[in-house]
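Asks: Just to be clear, the model below is a prediction. Sequence and coordinates:
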Amino acid sequence: MSFIEIKLDKKAVRERKRRGRGPGSGRGGQSGRGAKGQKARSGGNIKPRFEGGQMPLYRRIPKRGFRNRNKKIFNIVNISSLNVFTDGLTVGVEQLLERGLINANKYPVKLLGGGNLKINGLNLNVHAVSKQGREKIEKSGGKVVLIEA
């Protein structure tokens with residue numbers, strides 16, 4: 001059997017409904033649109049949020065707050081989570097990703113000062129750092145190098 005010999009089942013493709021072709025077709029007259037009204041007219045579609053003229057829900061509920069469109073999103077790393085590394089190591093984004101401290105390399109990495117550092121001489125290459133985070137790294141004999149995002 002070859003590809004050319006394969007026949008499509010007649011039931012597999014349904015014929016389209018030919019509406020408005022007279023009363024003998026079974027779909028003449030009002031062509032399945034019912035009688036009169038907005039939905040019966042051509043171009044008479046109702047928007048999904050339309051509520052029949054009453055004040056719509058999206059206008060009734062209070063609008064609160066502000067969402068900054070230009071907000072920078074960071075992968076957050078706290079000082080306490082860096083204790084998985086050894087003394088005197090240089091740690092970059094790749095090493096943080098390998099250890100599972102950040103989820104993906106999609107966003108820049110920011111070091112925060114949460115917790116205590118138990119290792120000495122850790123050198124970090126990150127995109128941003130908080131003041132407290134930098135102080136704790138430098139206090140333990142390491143340094144923080146900022147890299148471009």
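Replies: Nice, thanks for sending it over.
Asks: Quick one: the strands in the chain, in order.
Replies: Chain-ordered strands for the chain, with DSSP state E as the definition, fall at 75-78, 90-91, 109-112, 123-126, 128-129, 143-146.
Asks: model confidence over the third one, on average?
Replies: For strand 109-112, the mean per-residue pLDDT is 92.
Asks: which residues are in contact with that strand?
Replies: Judged by CB atoms under 8 Å, 6 or more residues apart in numbering, the contacts made with strand 109-112 from elsewhere in the structure are 74-79, 93, 96, 102, 124, 126-130, 132-134, 137, 144. (Glycine included, C-beta is placed from N, CA and C.)
Asks: Then the first one?
Replies: For strand 75-78, the external contacting residues (CB under 8 Å, 6+ apart) are 96, 101-104, 106-115, 126.
Asks: What is the neighbour count of Gly113?
Replies: As a burial measure, the neighbour count of Gly113 was computed by other CB atoms under 10 Å and equals 18.
Asks: Leaving out sequence neighbours, find the closest residue to it.
Replies: The shortest distance from Gly113 to any residue that is not its chain neighbour, by CB to CB, 6 or more residues apart in numbering, is 3.0 Å, and that residue is Gln132.
Asks: Nearest the middle, which residue of the chain would you pick?
Replies: Lys106 (12.1 Å; CA atoms, centre = their mean).
Asks: residues in contact with that residue?
Replies: For Lys106, the residues meeting the contact criterion (CB under 8 Å, 6+ apart) are Asn75.
Asks: roughly how far apart are it and Glu135?
Replies: To Glu135, Lys106 is 28 Å away according to CB to CB, to the nearest Å.
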